[in-house]
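> Okay, sequence plus prediction incoming.
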Amino acid sequence: MNHFDVVIVGAGLSGIGAAYHLQHKCPGKTFVILEGREVIGGTWDLFRYPGIRSDSDMHTLGYNFKPWSEAKAIADGPSILKYVNETADENDIRKHIHFKHRVKSASWSTKNATWSVQVELADTGDTVEFYCNFLFMCGGYYRYDEAYTPEFKGADIFKGTTVHPQFWPEDLEFSGKKVIVIGSGATAMTLVPALAKKGAQVTMLQRSPTYVVSVPAVDKIANTLRKFLPATWAYAITRFKNVKLGNFFYNKTRTQPEKVKEKLLDMVRKSLPDYDVDTHFMPTYNPWDQRLCLIPDGDLYDVIKDGTATVVTDTIDTFTEKGIKLDSGKELEADIIVTATGLILSVVAGLKISVDGKNINFPDTVSYKGMMYSDVPNMIQTFGYINASWTLRADIIAEYVCRLLNRMDETGMRQCTPRLREEDKDMELLPWIKDFSSGYMQRMMHLLPRQGDRGPWRNTQNYALDKKLIRSAPLEDGALLFTNPLNRMERVETAPEIEESAADAA
């Protein structure tokens, strides 16, 4: 029978972490992980382009409960995928995963305090239903089946190969070829040196520059600590160090942006002393108005200096048969064009959500602590940080879910619903993510929930503050309502009866 206490959507980094926390903090709860693909790993299995790696250090991108023990702190994709799979196997989580189960929609019935989750089986196209009291969304923040590619004039004229990194062909031969990588984000910064080091002649074509920071791929302090301390201690100390340093740097970008900007540009000039840094590495915005790009051990600078990669800052007029013609009139020749142009964001993994028969339009909702939505009961979505490692927030959100579930058991309540209080109804509503100008966010901001100008309706994107608001603050705050008491005399309904009641509510 497909009835569980908790349904987790997604078996990537967040979903496997969520399962661990449930097992350890809510051992009496039953749960299932529904995964649309056939393997664990999410992003770290989906993306297969050359050089795929983290753009955060693994002592903060790793789980708070499983030390990262490899030498490299800026890790490649296969190493991260191995880490996620190890976590699943060490904690016997794999048995809870239903692969090739694509969640399409979910409907909440207050009468039954139950989510009815509609799932498409990837192999057959058939639809099955799962039932749960709590829905834990860990499916990431972007569409897996579609990537963002602008409509380039003349794209159908180009006689070479065009590929998006999200769908990199395993058999693509690029050694000895001329490759244009369109973009200047983390993916482009990873691809360019990786392609160049394997024999391609690469041009990174960017419309505008991005802040680039070279960091050591190896954390010497972490590796030294592991020699003298237990792994858990060494990991905790390194994690604490890196969180504090990251937070200090981010705060400096908010309070002294010009000073930080000059520091970052000076670092580039030292690495590329005879290069036009102002044209190719000086953004028009302040640091952390968009995400900074980390390059391990200056690998991008190395391929620029040895001539196997170049950076061109210009805008595209049209694709041609042989490459790309720029607005400046210059034409770049290419055998392969890589459109590293971004992701398409999705809300709650693109699911259609309804509550008691009413469809939820998420832009009309207000985000509760950046993880729940006003008037949507018993559902939490994991969304990490844009200015720090994703998993820092995923861990504390998973801990919060466990607190909620245990509190509902203590009080005998079956439902928790964020709802605007009377004093909240006149507050200013703001974008879900403030002060972040990246195109992939701005393109989709109108489809995202709003946030308020006061707690608990703020989406702070601040780890230190979130630890107080999410991990430590009382659950009962007047905005999160615990309702729908369990009638202990009522009989337990069977799945067909639940299905019938859910259909009536819809």
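Arrived safely. Numbers count the residues shown, from 1 in each chain.

> domain assignment for the chain?
Per the record, the chain has its domains at 3-144+347-420+463-497, 161-339, by automatic domain parsing.

> most packed of these?
Stretch with highest mean neighbour count among the domains of the chain: domain 3-144+347-420+463-497 (a mean of 19; mean count of other Cβ atoms under 10 Å). No exception for glycine: its C-beta is placed from N, CA and C like everyone else's.

> Out of the domains of the chain, which gets nearest to residue 451?
Of all the domains of the chain, domain 3-144+347-420+463-497 sits nearest to residue 451, with 4.9 Å by Cβ to Cβ.

> how much distance is there from that closest one to the middle of the chain?
13 Å (Cα atoms, centre = their mean, to the nearest Å).

> rewinding a little: how about a markdown table for the domains of the chain, with mean pLDDT and distance to residue 434 added?
Shown next, in a markdown table, are these (pLDDT from 0 to 100; distance: least, Cβ to Cβ, whole Å):
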| stretch | mean pLDDT | distance to residue 434 |
| --- | --- | --- |
| domain 3-144+347-420+463-497 | 93 | 10 |
| domain 161-339 | 95 | 11 |
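
> Just send those domains back as CSV, with distance to residue 454 too.
Shown next, in CSV, are these (distance: least, Cβ to Cβ, whole Å):
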stretch, distance to residue 454
domain 3-144+347-420+463-497, 10
domain 161-339, 20
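
> Residue 438 is nearest to which of those domains?
Closest of the domains of the chain to residue 438 is domain 161-339, at 4.4 Å (criterion: Cβ to Cβ).

> Can you give the distance of that closest one from its chain's centre?
19 Å.

> was I right about residue 408 contacting residue 484?
No. With contact defined as Cβ atoms under 8 Å, residue 408 and residue 484 do not form a contacting pair (9.2 Å).

> list the residues that contact both of these two?
Common contact partners of residue 408 and residue 484 (Cβ atoms under 8 Å, 6 or more residues apart in numbering): 414, 415.

> where exactly do the strands run in the stretch 351-500 of the chain?
352-355, 358-359, 367-368, 372-373, 379-381, 413-418, 430-431, 450-451, 480-485 (DSSP state E, counting those that start in this stretch).

> quick one: contacts for residue 23?
Counting by Cβ under 8 Å, 6+ apart, residue 23 has contacts 91, 93.

> helix, strand or coil for it?
Put simply, residue 23 is helix when judged by DSSP: H, G, I helix; E, B strand; the rest coil.

> gap between it and residue 38?
Remark: distance between residue 23 and residue 38 (Cβ to Cβ, to the nearest Å) = 23 Å.

> can you give me the helices for the stretch 101-250 of the chain?
Taking DSSP state H, counting those that start in this stretch as the criterion, the stretch 101-250 of the chain carries its helices at 186-197, 220-228, 231-255.

> hang on, the earlier thing: including distance to residue 340, could the strands of the stretch 351-500 of the chain go into JSON lines?
What follows is those, written out as JSON lines (distance: least, Cβ to Cβ, whole Å):
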{"stretch": "strand 352-355", "distance to residue 340": "31"}
{"stretch": "strand 358-359", "distance to residue 340": "35"}
{"stretch": "strand 367-368", "distance to residue 340": "29"}
{"stretch": "strand 372-373", "distance to residue 340": "32"}
{"stretch": "strand 379-381", "distance to residue 340": "27"}
{"stretch": "strand 413-418", "distance to residue 340": "37"}
{"stretch": "strand 430-431", "distance to residue 340": "25"}
{"stretch": "strand 450-451", "distance to residue 340": "30"}
{"stretch": "strand 480-485", "distance to residue 340": "41"}
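
> Out of those, flag the one nearest residue 131.
Nearest to residue 131 among these is strand 413-418 (13.1 Å), distances taken as Cβ to Cβ.

> could you give the angle of the closest one to strand 480-485?
Per axes from the mean of the first three to the mean of the last three Cα atoms, to 10 degrees, the angle that strand 413-418 makes with strand 480-485 is 150 degrees.

> Show me what strand 413-418 is packed up against.
If contacts are counted by 3 or more Cβ pairs under 8 Å, 6 or more residues apart in numbering; DSSP states H and E, strand 413-418 sits against helix 390-411, strand 480-485.

> one more time with 10 Å
strand 127-137, strand 367-368, strand 372-373, strand 379-381, helix 390-411, strand 480-485 (3 or more Cβ pairs under 10 Å, 6 or more residues apart in numbering; DSSP states H and E).

> Which of those sits closest to residue 228?
helix 390-411 (25.7 Å).

> Please tell me how far the residue nearest to residue 35 when sequence neighbours are not counted sits from residue 37.
Closest residue to residue 35 in three dimensions, ignoring its sequence neighbours and counting by Cβ to Cβ, 6 or more residues apart in numbering: residue 11, at 3.8 Å. Separation of residue 11 from residue 37 (Cβ to Cβ) stands at 8 Å.

> Overlap in contacts, the two.
45, 99, 101 (Cβ atoms under 10 Å, 6 or more residues apart in numbering).

> Enumerate every residue touching the first one.
Contacts for residue 45 (Cβ under 10 Å, 6+ apart) come out as 11, 12, 37, 38, 39, 77, 78, 80, 81, 84, 85.

> any idea how far the closest residue to the fourth one other than its chain neighbours lies from residue 311?
Looking back up the chat, that one is residue 38. The shortest distance from residue 38 to any non-neighbouring residue, by Cβ to Cβ, 6+ apart, is to residue 99 (5.0 Å). Per Cβ to Cβ, residue 99 is found 41 Å from residue 311.

> now the end-to-end length of stretch 369-388.
Length of stretch 369-388, first residue to last, Cα to Cα, to the nearest Å: 17 Å.

> Could you give the number of residues near residue 457?
Residue 457 has 24 neighbours, counted by other Cβ atoms under 10 Å.

> Name the nearest residue to it, ignoring sequence neighbours.
Nearest residue to residue 457, sequence neighbours excluded (Cβ to Cβ, 6+ apart): residue 366, at 5.3 Å.

> Was I right to think that neighbour contacts residue 428?
No. Contact criterion Cβ atoms under 10 Å: residue 366 and residue 428 do not qualify, at 11.1 Å.

> Which neighbours do the two have in common?
Shared contacts of residue 366 and residue 428, defined by Cβ under 10 Å, 6+ apart, comprise 450, 451, 452.

> For the second one, give me its contacts.
Spelled out, that is residue 451. By Cβ under 10 Å, 6+ apart, residue 451 lies in contact with 366-370, 427-434, 457-461.

> Residue 477 and residue 421 touch, don't they?
Yes. Residue 477 is within contact range of residue 421, at 9.1 Å (criterion: Cβ under 10 Å).

> what's the overlap in contacts for those two?
Shared contacts of residue 477 and residue 421 (Cβ under 10 Å, 6+ apart): residue 456.

> that older thread, could I get the helices of the stretch 101-250 of the chain as JSON lines with distance to residue 446?
Output for those, formatted as JSON lines (distance: least, Cβ to Cβ, whole Å):
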{"stretch": "helix 186-197", "distance to residue 446": "24"}
{"stretch": "helix 220-228", "distance to residue 446": "41"}
{"stretch": "helix 231-255", "distance to residue 446": "25"}
